[in-house]
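Turn this into a model:
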Amino acid sequence: MSSQAVRVLALLTGKPRPFREDGTMSAIARQPATGPVMLGELGFEGDQVADPVHHGGPDMAIHHYPFDHYAYWQQKLDSHKLLQKPGAFGENISTRGLVESEMRIGDRFRLGQALVELTKGRQPCWKLDHRFGVSGKQSVMAEIVRTARCGFYYRVLEPGLVQAGDVMRLVEPGPSAWTVDRVFRLLVGGQYKAEPEAVRKLADLPQLAADWRKRAAALAD
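Residues are numbered from 1 along each chain as shown. The predicted structure is shown next:
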């Protein structure tokens, strides 16, 4: 991972609103927040989730998606209009210079005034395909599973104010063996079949989000 601190390109928040004709709600269409925003245990003030069973909670307080990947998706999705600026993937924060192959479960960052810890990658769902209006060979969900361009979630260890332009600086690295890329490929991408011992170890990794520890334990059985 680069030793240089990165800047937050955008901080985005949102509330549930109609997403599909069947009445499904989603907060994926987050919008840039202006000025400092308080970050607490459950996320940024004013940010909500529509499906608290699968989203939100202390282990998923912040969704971070690398802006580094946008050029890749622009090629894949014919320069889709959503990819012109951060927020296409429903992320809360956007940066350049932090990607899954270098980020580790348990990495701790000073984010503005707050202290956060990386807990897991984001498992994609159908809402991404619906948002981009794609399916089949263009499926964003399937491509994320294939490439591990998944983004990250964090828990909040110390609350504080955060705003676009703030520095995000690594203050304590997580275990070097557990990059987000590797863990995602093990638990979501099917690699667990080739590395059963690694999956057993993940089940006991305290920094890993609780639901992914349970997933690891189930896959190890």
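
Which secondary structure elements does the helix or strand bottoming out on mean pLDDT in the chain sit against?
Least confident element among the helices and strands of the chain, by mean pLDDT, DSSP states H and E: strand 17-18 (a mean of 91). With contacts taken as 3 or more CB pairs under 8 Å, 6 or more residues apart in numbering; DSSP states H and E, strand 17-18 sits against strand 25-26. Quick note: C-beta positions are derived from backbone N, CA and C, even for glycine.

partners of the strand it packs on in the sheet?
Strand 25-26 pairs in its sheet with strand 17-18 (antiparallel), by DSSP bridges.

thinking again about what came up before, now the least confident helix or strand of the chain, how far from the chain's geometric center?
21 Å (CA atoms, centre = their mean, to the nearest Å).

How about residues contacting it?
Strand 17-18 has contacts (CB atoms under 8 Å, 6 or more residues apart in numbering) with 24-27, 29.

nearest to W126, of these?
Comparing these against W126 with CB to CB places T24 closest, at 9.8 Å.

show me what contacts that closest one?
Per CB under 8 Å, 6+ apart, neighbours of T24: 18, 50.

how far away is the closest residue to V167 other than its chain neighbours from K85?
Counting by CB to CB, 6 or more residues apart in numbering, A5 is the residue found nearest to V167 once chain neighbours are left out, at 4.7 Å. Using CB to CB, to the nearest Å, A5 is found at 22 Å from K85.

next one: T24
Counting by CB to CB, the gap from T24 to K85 is 25 Å.

for the protein, what spans make up the helices?
Along the chain, counting by DSSP state H, helices occupy 70-76, 126-132, 140-147, 180-187, 196-202, 210-220.

can you put those helices in a markdown table and add mean pLDDT?
A markdown table is the format used below for these (pLDDT from 0 to 100):
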| stretch | mean pLDDT |
| --- | --- |
| helix 70-76 | 97 |
| helix 126-132 | 95 |
| helix 140-147 | 97 |
| helix 180-187 | 98 |
| helix 196-202 | 96 |
| helix 210-220 | 96 |
